[in-house]
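> Kindly return the folded structure for what I paste below:
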Amino acid sequence: MRPNRAILVVEDEPLVLDWVVKFLVEFGLKVFSAENGQQALAVLEAHPEIDVMFADVTMPGMDGGQLAETVRASHPDVKVLLTSGKQPPERFRLPDGGVFIPKPYRPQAIADLLSRLLS
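You can find the predicted model right below:
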């Protein structure tokens, strides 16, 4: 991946969030994180350099599908990568150009998807 790419990780499980942030930093990405949809929107406003949002679908409050739709409406250039271990992609609306990867996933699978999204 090209250096200076930025990603926002949105995950309500702290251990999963920490793990994902760690391996994305190891892949050379600038990583921002949020624990819910409202935090994610605030981070996006504060950091226009974010290229990709990687969000869990199943979160309290604003779920990942709703968050993705909101992000695409206000930040159309931000790529969307959604994940869930509980909800199959047919249970929520994946935004145009969005990508879904089921949990559990391997770090290399995320890296490969991000390379495609960012190329």
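> number of nearby residues for residue 49?
Counted with other CB atoms under 10 Å, the neighbours of residue 49 add up to 9. C-beta here means a position set from N, CA and C on the backbone, and glycine is covered the same way.
> Equivalent analysis for residue 64, please.
By other CB under 10 Å, the residues close to residue 64 number 28.
> Please name the residues that touch it.
10, 37, 55, 56, 57, 58, 82, 83, 84, 92 (CB atoms under 8 Å, 6 or more residues apart in numbering).
> How about the contacts made by the residue lying closest to it once chain neighbours are set aside?
Residue nearest to residue 64 in three dimensions, not counting chain neighbours: residue 57, with 3.8 Å by CB to CB, 6 or more residues apart in numbering. By CB under 8 Å, 6+ apart, the contact list for residue 57 reads 63, 64, 65, 82, 83, 84, 86, 87, 92.
> in the sheet, who's paired with the spatially most central residue of the chain?
Nearest to the mean C-alpha position of the chain, counting by CA atoms, centre = their mean, stands residue 54 at 0.8 Å. Here residue 54 shows beta-bridge partners residue 9, residue 81, assigned using DSSP bridges.
> So it sits against residue 23, correct?
No - Residue 54 is beyond contact range of residue 23, at 11.3 Å (criterion: CB atoms under 8 Å).
> list residues touching both of these two?
Counting by CB under 8 Å, 6+ apart, the residues touching both residue 54 and residue 23 are residue 110.
> From start to finish, how long is stretch 56-73 in a straight line?
19 Å (CA to CA, to the nearest Å).
> cool, and stretch 30-38?
20 Å.
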